[in-house]
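Novice: Just to be clear, the model below is a prediction. Sequence and coordinates:
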Amino acid sequence: MRKLWKKLVVVAVLLTAAVSLSACESYGQEEKAKNDVYDQVKSSKTIIWGVRNDTRLFGLMDIKKDRLVGFDIDLAKAITKQMLGKDAKAELFQTSSKTKIPVLKNGNVDALMATVTITPDRKKEVSFSKPYFNAGQSLLVPAKSKVKSIKDLNKKGMVVVAVKGTTAVANIRKFAPKARVLEYDDYGQAFTALKAGQGQAMSTDNGILAGIAAENKGYHVVGGTFTHEPYGVAVDKGQTKMVHAINKALDELEKNGTYNRLMHKWFDGIPGFSIKEAER
């Protein structure tokens, strides 16, 4: 009986070891696959990009054309071809503010080109390219407004509209502490409040405000930027080869004029918006 028991124990140990070894091998394969994103896209000649579908000038669904359009969309396609060749393909995966980091971490996309601000907290989760758009907080006001900069808002009785949960709210309280901030759920509601006269200015990233100004005559961006919050291409943490390849492609697109052409294509002629300030 004792011998049988010993045999059973040995079998159990061997099975446990086999399962553990299998699990380790599986984990190792997953980690290897995770670390080979650049090799995978190079082999397939395809990059799956996480992009926005609700941000004018950067990534927006054009209902008439039934496709996504914007600066981020065009730049993602240009980077893909610069990295992988003229016959390479950029696949677009639609994301939102809440989902963009999770879909990247889950492996649904290879990279994010989705107005992702480079921040210390995000650097703990993902790796970033060099900045491709020098975003910063600015102000949107009616054309006849006397407000020309953030300093003009730092007075009692001044009201700024912004979106809940964004850095814009905290920045207004920092740079114009005497102003009152009205918070809304989204940019559409915030701009409606500005049009209704519920505030003297609306504040968020300069590029987003440029998009609103582009489709609403009588409003313009003022004061330049009073914060520095650049956008970068995000890839999963540790994807060093992918980051290097994207940075190289961005440098080459800048040298051959493609980057500047795209900036002018999307941001020319917007009242108060400075392309020179926003360029990398």
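Specialist: Here it is on my side, so go on. Residues are numbered from 1 along each chain as shown.
Novice: Next, work out how far apart Ala143 and Ile270 are.
Specialist: Per C-beta to C-beta, to the nearest Å, Ala143 is found 13 Å from Ile270. Where C-beta positions appear, they are placed from N, C-alpha and C, glycine not excepted.
Novice: So for the two, which residues contact both of them?
Specialist: Common neighbours of Ala143 and Ile270 (criterion: C-beta atoms under 8 Å, 6 or more residues apart in numbering): His220.
Novice: Mind checking which of these two has more residues around it?
Specialist: Neighbour comparison, Ala143 and Ile270: the larger count goes to Ile270, with 20 against 12 (by other C-beta atoms under 10 Å).
Novice: what residues are up against that one?
Specialist: By C-beta under 8 Å, 6+ apart, the contact set of Ile270 is Ala210, Ala213, Ala214, His220, Val221.
Novice: If you rank those by neighbours, which is first?
Specialist: Highest neighbour count within the contacts of Ile270, by other C-beta under 10 Å: Ala210, with 25 neighbours.
Novice: pretty sure that one is touching Phe273, no?
Specialist: Yes. Ala210 is within contact range of Phe273, at 4.3 Å (criterion: C-beta atoms under 8 Å).
Novice: Kindly point out which residues are neighbours of both of those two.
Specialist: Val221, Phe267.
Novice: what's the domain layout of this structure?
Specialist: Domains of the chain are assigned by automatic domain parsing as 37-135+230-278, 137-222.
Novice: I'd like these as JSON lines, with mean pLDDT appended.
Specialist: As requested, those are exported to JSON lines (pLDDT from 0 to 100):
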{"stretch": "domain 37-135+230-278", "mean pLDDT": "95"}
{"stretch": "domain 137-222", "mean pLDDT": "94"}
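Novice: can you give me the helices for the stretch 101-250 of the chain?
Specialist: Using DSSP state H, counting those that start in this stretch, the helices found in the stretch 101-250 of the chain span residues 120-123, 167-175, 187-195, 206-214, 240-255.
Novice: what about those, which gets the closest to Gln137?
Specialist: The closest of those to Gln137 is helix 167-175. By C-beta to C-beta, the value is 5.2 Å.
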